[in-house]
Structure formats: C-alpha cells, structure tokens
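Visitor: Return a 3D structure for these sequence lines:
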Amino acid sequence: MKVNDHKLITFRCLKNYSEDLFDEALEKINFPDYEVFFDINAAYNDFFSKLSKIVNQMAPEKTKRVKSTTQEWYDGEIIRKTSDRDRLLQKFKTSKLHVDKISYNDARVSGDNLIKKK
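Guide: From the prediction side, this is the model:
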C-alpha cells in the first residue's frame, strides 16, 4: 500500500431506516413453517435470504473512500507529545520566560527522539 493511498470502507446506510418500516416489511413477508423442512440448511438459507433482502432494502451497503492521512507509527503517544509541545510553545510565547523556553525545548527534543525511535 502506498503512503497516501485511499482506503475503502463499507458500511450500512441507515438514512431511510425506521423501526416501523422494518416491522411492516417483516410482517409482509410470508415465512413458511420451518419445522416441516427436512433440511435445516435449506430452512436457514430461505430465512436468511428473505431477511437479508429486507435489510438490504432498508439499510443498503455503501462504500466510501477515506483518506489515509496518518502513518502507522503516528500513535497516541506521539499525539500527546506534540500537543504538550504545542501547549508549552503557546505558554512560552505569552510569558517570554526563560524557564518556559527550556521546558518547550525539552518537550520538542523528547518528541523528536520518540519519532526517530518509531
């Protein structure tokens, strides 16, 4: 997979779904008496095909392209380090204190080292 390759996700679109419509559709289906089926697999396949037909009408599957903007190594630990670094930079910009500059530089260096490790 390329670095900036797009990913495809599949999901059920519940835009037109409502419980009332689903119940009505289930009531309209004529389910046979499954106790008289000799083959349990045939009974299951019949039930599943009828139920999945309703589900596909009410909540169809859709595929959407999602941009992949983050790398595998960019995890929660790095996100926390960068947000701490940015917070300390803002603190240094407002206070202009030498202590805040040192803490910002320490956070920046530790974040860079963490990124290099991964």
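
Visitor: my read: residue 11 touches residue 62, true?
Guide: Yes - counting by C-beta atoms under 8 Å, residue 11 does reach residue 62; the two are 6.1 Å apart. (Each C-beta comes from the backbone N, C-alpha and C, glycine too.)

Visitor: Now do the SS call for the nearest residue to residue 6 once chain neighbours are set aside.
Guide: Nearest non-adjacent residue to residue 6, counting by C-beta to C-beta, 6 or more residues apart in numbering: residue 65, 4.9 Å away. At residue 65 the chain is in strand, as set by DSSP: H, G, I helix; E, B strand; the rest coil.

Visitor: just for this protein, where's the confidence low?
Guide: Low-confidence segments of the chain, defined by pLDDT under 70, are located at 1-5, 68-70.

Visitor: circling back to that earlier point, tell me what the residue nearest to residue 6 is bridged to.
Guide: Counting by DSSP bridges, residue 65 forms beta bridges with residue 8.

Visitor: Let me know how buried it is, in neighbour terms.
Guide: Number of residues near residue 65 (other C-beta atoms under 10 Å) recorded here: 9.
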